[in-house]
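[1] structure for the following, please:
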Amino acid sequence: MSKWQTAKLGDLLTLRRDRVELLFGTTYKRITVKLSGLGVVLRDEVDGSAIKSEVQFIARAGQFVASKIDARNGSFGLVPPHLDGSVVSGNFLTFDCNPDRLLPKFIEYYANRPTFWEQCSQISEGTTNRVPVRVEQFMELPIQLPPLAEQQRLVARIEGLAAQIHEARTLRHQAAEEAEAFVTSVHDSLSGSRKKKLGDILKLDEDEVPIEITGSYSQVGVKSFGGGLFPKGAVEGTGTTYRTFNRLYDGAFLLSQVKGWEGAVAICPPELAGWFVSPEYRTFRCIPTESRARYLAPLVRTEWFWSKLANATRGVGARRERTRPEQFLNIELPMPDVEKQKYGEVLFAEVGVLKRVQAETAAELDALLPAILDKAFKGEL
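    As a prediction, this is how the structure comes out:
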């Protein structure tokens, strides 16, 4: 790093505010910048009459874009060529890069690191979740800048490693799809023509626990899209307006009334028995003669199962109504008898091992690029 120099962002970036006059009957591409370094994407395409804010600015390909509201959350990126000429609101800052000193891809990678987000957090102000970065101070932020030739070398090296990570993620995703297809195929084969309503194999069974002011309640959440259960922080009795929580038990079938339609369902494992969820999560117990929790556990994490819940819930997207127990229990689907479910559990166990390995691999892959960027900007790559 002997040839690296300290520079201010304001020496490398020029704020551009090319205002556009919106016209009725003209379609505009609007862009947004995703959090956590996920870049600039198309938000939508709308007629000028549908854009409420009169002040819009043009974004050009190759410009560096920052969200004033979410800079502290990693909302940075470059405008891709196919979004050249899109528009943004005043909540986004668009910058031209100084071509004599800065490679656009270099600043994009530099800005997409938690250490940089923390710097932005320190110069943001506000009393709500909408905390805008102070532009003047943003331009004063220091950056360690190598010569252009070194920037090009680093970008090429990062992109080569990033491509390998992307390929590994693609292979892992394909393996996950194949594992899910195996589960649904086995289930279909074992079920044959036999169908049951969920109310025939499950019963609503909730262990309601009254909230005590002096109590502390370890919470569990449910990820959408088959992500399963995850432990959250404890809630004190004084920190909730609920009068009761539902206590989980081993094998409980957990349904989020709010997000069940998008796969927020799971079977409680032994290690989370005794933890708590809000009354918005409903718990069902397997009827022993009709169903087995360990058989249902991998099944309910499939997209095939979520589609059954989506079809039973009225509304579209965020406007869907809650999935009530009576709706849920009225869903009909193929279901093998208990003896065949026992056989299915043996087959699904192999899938379970694969998914655990995939989860570990996913965590390692997620940690790779931040580690690479950290080394790059320490001059160690």
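[2] tell me where the stretch 51-200 of the chain has strands.
    Along the stretch 51-200 of the chain, the segments classed as strands by DSSP state E, counting those that start in this stretch run 56-59, 64-67, 76-78, 86-89, 92-97, 142-145, 195-197.
[3] reformat those strands as TSV; add distance to residue 261.
    Where you see a C-beta, it was placed from the backbone N, CA and C, and this is true even at glycine. Listed next are the strands of the stretch 51-200 of the chain as TSV, based on distance: least, C-beta to C-beta, whole Å:
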stretch	distance to residue 261
strand 56-59	35
strand 64-67	30
strand 76-78	31
strand 86-89	31
strand 92-97	32
strand 142-145	45
strand 195-197	18
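[4] mind checking the ones you listed for the one nearest to residue 344?
    The minimum distance between residue 344 and the strands of the stretch 51-200 of the chain falls on strand 195-197, with 14.7 Å, by C-beta to C-beta.
[5] touching that closest one from outside, list them.
    The set of residues external to strand 195-197 that reach it, using C-beta atoms under 8 Å, 6 or more residues apart in numbering, is 290, 329-335.
[6] which of those residues has the largest number of neighbours?
    Using other C-beta atoms under 10 Å as the neighbour criterion, residue 335 leads the contacts of strand 195-197 with 23 neighbours.
[7] please report how far that one lies from residue 313.
    20 Å (C-beta to C-beta, to the nearest Å).
[8] got it, and residue 135?
    Residue 135 sits 44 Å away from residue 313, going by C-beta to C-beta.
[9] of those two, give the one with the bigger neighbour count.
    residue 313 (19 against 15).
[10] okay, now the sheet partners of the helix or strand where residue 233 lies, with direction.
    Residue 233 is part of strand 228-236 when elements are defined by DSSP states H and E. Strands adjacent to strand 228-236 in the sheet, as given by DSSP bridges, are strand 216-223 (antiparallel).
[11] picking that back up, secondary structure, distance to residue 298 and pLDDT added to the contacts of strand 195-197, as TSV?
    Formatted as TSV, the contacts of strand 195-197 follow (DSSP: H, G, I helix; E, B strand; the rest coil; distance: C-beta to C-beta, whole Å; pLDDT from 0 to 100):
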residue	secondary structure	distance to residue 298	pLDDT
290	coil	18	97
329	helix	21	95
330	coil	23	94
331	coil	18	94
332	strand	20	95
333	strand	15	95
334	strand	15	96
335	coil	14	97
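[12] make CSV from those and add distance to residue 26 to it.
    As requested, these are exported to CSV (distance: C-beta to C-beta, whole Å):
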residue, distance to residue 26
290, 60
329, 51
330, 48
331, 46
332, 49
333, 48
334, 51
335, 54
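[13] residue 198 - how many residues pack around it?
    24.
[14] looks like it contacts residue 327 (just checking).
    No - using C-beta atoms under 8 Å, residue 198 is not in contact with residue 327; the gap is 9.8 Å.
[15] for the nearest residue to residue 97 once chain neighbours are set aside, what are its contacts?
    Spatial nearest neighbour of residue 97, excluding adjacent residues (C-beta to C-beta, 6 or more residues apart in numbering): residue 104 at 4.8 Å. By C-beta under 8 Å, 6+ apart, the contact list for residue 104 reads 62, 64, 78, 97.
[16] do you know how far the second one is from residue 23?
    As defined by C-beta to C-beta, residue 64 lies at a distance of 27 Å from residue 23.
[17] comparing the two, which residue is more hemmed in?
    Per other C-beta under 10 Å, whichever of residue 64 and residue 23 has more neighbours is residue 64, with 25 against 11.
[18] look up how far residue 32 lies from that one.
    Separation of residue 64 from residue 32 (C-beta to C-beta): 15 Å.
[19] what's the local residue count around residue 302?
    18.
[20] please list all residues in contact with the closest residue to it other than its chain neighbours.
    Spatial nearest neighbour of residue 302, chain neighbours left out: residue 180 (5.1 Å); criterion: C-beta to C-beta, 6+ apart. The contact partners of residue 180, taken as C-beta under 8 Å, 6+ apart, are 301-304.
[21] got a PyMOL select line for the buried ones in these?
    Burial among the contacts of residue 180 is assessed by 16 or more other C-beta atoms under 10 Å; the matching PyMOL selection reads:
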select buried, resi 301+302+304
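[22] sort out for me which of the contacts of residue 180 are in helices.
    If you go by DSSP state H, the contacts of residue 180 have 303-304 in helices.
[23] need the contacts of residue 180 in TSV with distance to residue 240 and pLDDT, can you?
    TSV is the format used below for the contacts of residue 180 (distance: C-beta to C-beta, whole Å; pLDDT from 0 to 100):
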residue	distance to residue 240	pLDDT
301	29	90
302	33	91
303	33	90
304	35	92
